[in-house]
Structure formats: C-alpha cells, structure tokens
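Undergrad: Okay, here's the prediction I keep looking at, along with the sequence it came from:
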Amino acid sequence: MSEFISSGRVIDAVLVLMLLEFLALVIYNRCSGRGIAPLALGVNLVSGAGLLLAIRALIGSGWWGWTAVFLAMALAAHVVDLRLRWRRPH
C-alpha cells in the first residue's frame, strides 16, 4: 500500500475514477435531462484533475514546469467554473 501511494499510482487511480464519474453523470444527464450540465461538470473536474496532476508531477520528481502547467490548468478551469456559477443581478 505504501508503494501504491508513494509512487503516485493512487493519483492515477483517482483520475480514472474521476473520468468514470464524468462519463456516468453525462450519460445520466443525457438520458434523464436531470443532474449537472456536462460543461459545468467537466470544468469542475478539470480543475480538480489539474491539482491531482500537479501532485503527481511532484511525486514523480519530473521537470518542475509540469507542476506549473498543471497548476495553471487548474486555475484556468477554476476561473471558468466561477464564471459559469456567478449569478448576475436582474
């Protein structure tokens, strides 16, 4: 278990689960017309995935630039997510 976590494979597993979650919720939305809109869901999950990938890059001791790229990706997705949720006054 220690190797699974310290190697970063746990993050890979979480990313796969996030993808499966996205697919299941999009299918549910398409079939029922209920649930979270695919765009809003996708942007939210991309933000979280960016943070996970940044951690994965740090664990892997790779080039520091990948960490910065993934953090920037998470920030951009977060800003889009906020923009989608922001309510305008009537």
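TA: Sure, I can see it. Owing to the predicted nature of the structure, the values given are computational and were not obtained by experimental measurement. Residues are numbered from 1 along each chain as shown.

Undergrad: all contacts plus neighbour counts: C-alpha atoms, from now on.
TA: Will do.

Undergrad: List the contacts of the helix or strand of the chain with the lowest mean pLDDT.
TA: Ranked by mean pLDDT, DSSP states H and E, the weakest helix or strand in the chain is helix 2-6, scoring a mean of 84. With contact meaning CA atoms under 8 Å, 6 or more residues apart in numbering, helix 2-6 is reached by 10-11, 59.

Undergrad: Could you do stretch 59-71 as well?
TA: 6-8, 50-51, 53-55, 57-58.

Undergrad: one step back: now restrict the contacts of helix 2-6 to buried residues only.
TA: Buried positions within the contacts of helix 2-6, assessed by neighbour count (16 or more other CA atoms under 10 Å), are 10-11.

Undergrad: Give me the distance from stretch 39-49 to the chain's centre.
TA: 5 Å (CA atoms, centre = their mean, to the nearest Å).

Undergrad: What are the buried residues along that stretch?
TA: 41-49.

Undergrad: One more: stretch 25-39?
TA: So stretch 25-39, judged by 16+ other CA under 10 Å, has buried residues 25-26, 38.

Undergrad: and if you look at stretch 57-75?
TA: Applying 16+ other CA under 10 Å to stretch 57-75 flags 57, 66-67, 70-75 as buried.

Undergrad: if you average pLDDT over that stretch, what comes out?
TA: Mean pLDDT, computed over stretch 57-75, is 91.

Undergrad: one step back: mind checking which of the buried residues of stretch 39-49 land in helices?
TA: Among the buried residues of stretch 39-49, DSSP state H puts 41-49 in helices.

Undergrad: could I get those as TSV with pLDDT and distance to Trp86?
TA: Shown next, in TSV, are these (pLDDT from 0 to 100; distance: CA to CA, whole Å):
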residue	pLDDT	distance to Trp86
Leu41	95	15
Gly42	96	17
Val43	96	14
Asn44	95	14
Leu45	96	18
Val46	97	18
Ser47	97	17
Gly48	96	19
Ala49	97	22
